[in-house]
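Colleague: Kindly generate the corresponding structure for this input.
(2 chains)
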Amino acid sequence: MPLADGEAFHPTTPGVLKVATAFLPAPGFWEGTPPTKGFEAGLAADLAKRLGLQRVEIVHVPFPKLVAGDLGGADIALSQLTPTAARMRHLSFTTSYLLAPPGILARTSADASDVHGLQELRWVESSTSTLTPILESKIRPLSPVVVEDRTKALEVLRAGMADALLLDLPVALGLAASEPGRFHVLGQLSDDEGLAVALPHGSANTEIVDSSIRALLADGTIGRLADRWFPVSMDSVALILTK
Amino acid sequence: MTPTAVLLTIQAPSGPAFEFLILFAVVLFGPIVVSRLGLPGLIGLVIGGFAIGPHGFNLIHAGDTLVPELGQLGLLYLMFVAGLELDLKVLQDHRRSAIALGLLAFALPFLGAAGLGTALGWSVPATCLLGALLSSHTLIVYPTLRDAGLGPNPAVASAVGATVLTDTLALVVLAIVAGTQLDSGSPALLVGELVLGFAVLVVVGFVALPRIVDQTLRRFGDDPVARYLAVIVALLLMGVLAQVFGIEGIVGAFFAGLALNTLVPNEGPSMERLEFFGNAVFIPIFLVSIGLLLDPSVMFRGNVLRLAALICTAALGGKAAACWLAGALQHATFPERMAMFVLTAPQAAATLAITLVGYEIGLFGTSVVNAVLVLILVSIALSAVLADRVIRRMPVAGIRAARIGDKVVVVAAAPGPSEAAVRAATLLSRPDGGHGDVIVARAASEPATELREVRRRVVRNGLDGRVREEIGELPAVVEKELLTDHPSVVIVDDPTFAEIPSRIPVMVVDETSPTLRLNVDGELATEIERRLRRRPATSQSAVRPD
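Modeller: Purely as a prediction, here's the structure:
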């Protein structure tokens, strides 16, 4: 009977929390070799502890497969995922563990302070990102470079073939901190999106993982992780107003 | 540009204006729709919340923060109003029976929950929180019984008084459980923080806050907006103060309601405004935000329905046993015990508040939330059905003997009452949590009264009352008041006033004598004299219980 915290978590491998993630390394989220440092790495460890599991095992799954509902046999996915109606058809999501408004990661040479300035930048966008419709509707870039996923978009940005990329703000902050000479965060757009844990669609573990995320939010564990891995507060990033 | 091109520029509605439109449409139509099915309006709001939420038409998305944050304010407001509306005088008048019923109505459902939680393998904090949830209740059916003339019945009165105790105990348990989940310090530190927190809440809430609010209302209270905001600031202050000590904000809000209980009389204009905004905006939005959590795919799962059945049994069985035992102690009849049950069974305000807190701190999952929503529906529906039977089977107790301070009416000739008359009205009404009306009588030929100035004088003396003008001779206005408005006392601010035969106390005052003449004697007269001998109702004395 699934009853509040009396409910047990049923892992695919006894005693192990198998976590799928797409981006390794992901600055601020998954760092180190093996990737045991970072916000999501810490969250996975705390989650495993709360669920009474002994260790965490990482499973690398490409992002398009992940959002299509294939977790590669993992129990959960922690991969900077934003819940959307389309994704909910393939995955079950928990409560958001981190607010993630859209943040503009730009080359240090690029600058803009309003929506007109942003429009004039050279943009790269990922066809699988939930932020692309926001970019198209709020900024309307003139002729963006379209690529398959975030990894390719970052390659385009690093190569100087584009000036800016829209990412979840914590992700943008992590990347800017890891490559300070190359990137900076130009600003954020107004939105109330958040990052959440994903589970296989209809998983019986959804409720207990969801309750555990809320418990970790309430007791300050997640706040402490965010303070540790995102030293630049999201509130300090300039808000750029769009229509 | 072609019409098709123009049409293509039209965008799907989104943004805060759209969300508010959806929200207020639910607030308007939800209760209307369900009331046609004979269900209470709050059910319509919860179902409406489900309809627009992520498990319904997804007009309000799962990650939305606007509605849940407004809902949080609504939750504080709900608990504040719950504290304000409680009749503390009834608790005082029926102290022994109310305490007996209050303790039993708290303890027995709590024990039921403890057994249930243990049997299901829940942790101690989750089990205690379930106990707090089931032991609280909301006086939803009371207005029905009161309107049927059963208010003065000792069984009904003791159930009303018991609510103060059960809800306070439930919220104390909530504070302790939530504190253990939120605080990562040692148990000794946690206990110390909670004890200090409650001490601060009691001192600030029951000593400092009423005086500060009273003083503020006297100084700025002639402006209805300032009057309303002063009370809201007090509510939020107590909510924040509780949170500072790791206690849930709703506990502070409930304490604020109890603390301002006599300053904001139930029938007075301040309460009218609080209830208006609460019922129109804040509380419905909270209920809609609860509806966002309702998930039929969860609620109608066999195991959730079984859990709901167990919770209903523990809650309603515990309340029934408590009422039976308390009734036996009071030598109450069977219909009287049923009356106690229909008053203590409905689960709404505190239940929802505790459930939401349990959900937010991760002790309850969506299964429990949905099972509790079933409990709320069942308990309210059952009580509503049984209330009709109680009304048919219980003898009408008649109109409750009005307390002296229930509704004090001051009648004065233009240009308005003296300071002494208004002060007397405050001294008489405050101890009973009553309110006052001030009527200025003038002849048709006289110029209109400057009511704004009269209103200032009324609030300066700490009276929560309406001010109005009537055309007519003063004796005729007094007579009409006595016949039509059911006052508890009439204060006539005219030493030349000739006595009118009436069973309602009529007191004649002037500037020099607070009770120049009184048409009653005996205990009533003694009590009036005693109240008027108290220190003038300044901010220092106004809120002291009599």
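Colleague: need the contact list for B:A476.
Modeller: By CB atoms under 8 Å, 6 or more residues apart in numbering or on different chains, the residues touching B:A476 are B:A441. Glycine gets a C-beta too; all of them are placed from N, C-alpha and C.
Colleague: right, and B:V90 touches B:A162 too?
Modeller: No: contact between B:V90 and B:A162 fails when scored by CB atoms under 8 Å: they sit 9.5 Å apart.
Colleague: which residues do these two both contact?
Modeller: B:A98.
Colleague: Mind checking which of those two has more residues around it?
Modeller: B:A162 (31 against 23; other CB atoms under 10 Å in any protein chain shown).
Colleague: Just read off the phi/psi values of the residue of the stretch 351-500 of chain B found nearest chain A.
Modeller: Using CB to the nearest CB, the single residue of the stretch 351-500 of chain B nearest to chain A is B:G362, 2.7 Å away. Dihedral pair for B:G362: phi 80, psi 10, per degrees, to the nearest 10.
Colleague: didn't it look like it was pressed against A:T221?
Modeller: No: between B:G362 and A:T221 there is no contact under CB under 8 Å: 10.7 Å.
Colleague: neighbour count winner among those two?
Modeller: B:G362 (24 against 20).
Colleague: give me every residue that touches the residue lying closest to that one once chain neighbours are set aside.
Modeller: Leaving out its chain neighbours, the residue that sits closest to B:G362 by CB to CB, 6 or more residues apart in numbering or on different chains is A:A215, at 2.7 Å. Residues near A:A215 by CB under 8 Å, 6+ apart: A:50, B:181, B:361-363.
Colleague: Kindly recompute the last result at 7 Å.
Modeller: A:50, B:181, B:361-362 (CB atoms under 7 Å, 6 or more residues apart in numbering or on different chains).
Colleague: B:A414: which of those residues is nearest?
Modeller: B:I361 (59.6 Å; CB to CB).
Colleague: Ramachandran angles for that closest one?
Modeller: phi -90, psi 10.
Colleague: Confirm for me that it is in contact with A:G220.
Modeller: No: contact between B:I361 and A:G220 fails when scored by CB atoms under 7 Å: they sit 11.3 Å apart.
Colleague: burial measure for residue 160, as a count.
Modeller: Going with chain A. For A:G160, using other CB under 10 Å, the count is 11.
Colleague: try chain B instead
Modeller: 24.
Colleague: Give me the pLDDT for the residue nearest to it when sequence neighbours are not counted.
Modeller: Excluding its sequence neighbours, the residue lying closest to B:V160 (CB to CB, 6+ apart) is B:V90, at 4.9 Å. With respect to pLDDT, B:V90 has a value of 75.
Colleague: contact partners of the helix or strand containing B:V90?
Modeller: In this assignment (DSSP states H and E), B:V90 forms part of helix B:88-93. Contacts with helix B:88-93, where a contact means CB under 7 Å, 6+ apart, come from B:98, B:157, B:160-161, B:164, B:261, B:403, B:432-433.
Colleague: Please point out which parts of it sit buried.
Modeller: B:88-91 (16 or more other CB atoms under 10 Å in any protein chain shown).
Colleague: same question, stretch B:207-217
Modeller: Buried residues in stretch B:207-217 (16+ other CB under 10 Å): B:209-217.
Colleague: Among the contacts of helix B:88-93, which lie within helices?
Modeller: Among the contacts of helix B:88-93, DSSP state H puts B:98, B:157, B:160-161, B:164 in helices.
Colleague: Return the closest of those with respect to A:D163.
Modeller: B:V164 (64.6 Å).
Colleague: What confidence value was assigned to the closest one?
Modeller: For B:V164, the model assigns a pLDDT of 83.
Colleague: contacting residues for it?
Modeller: B:86, B:88, B:91.
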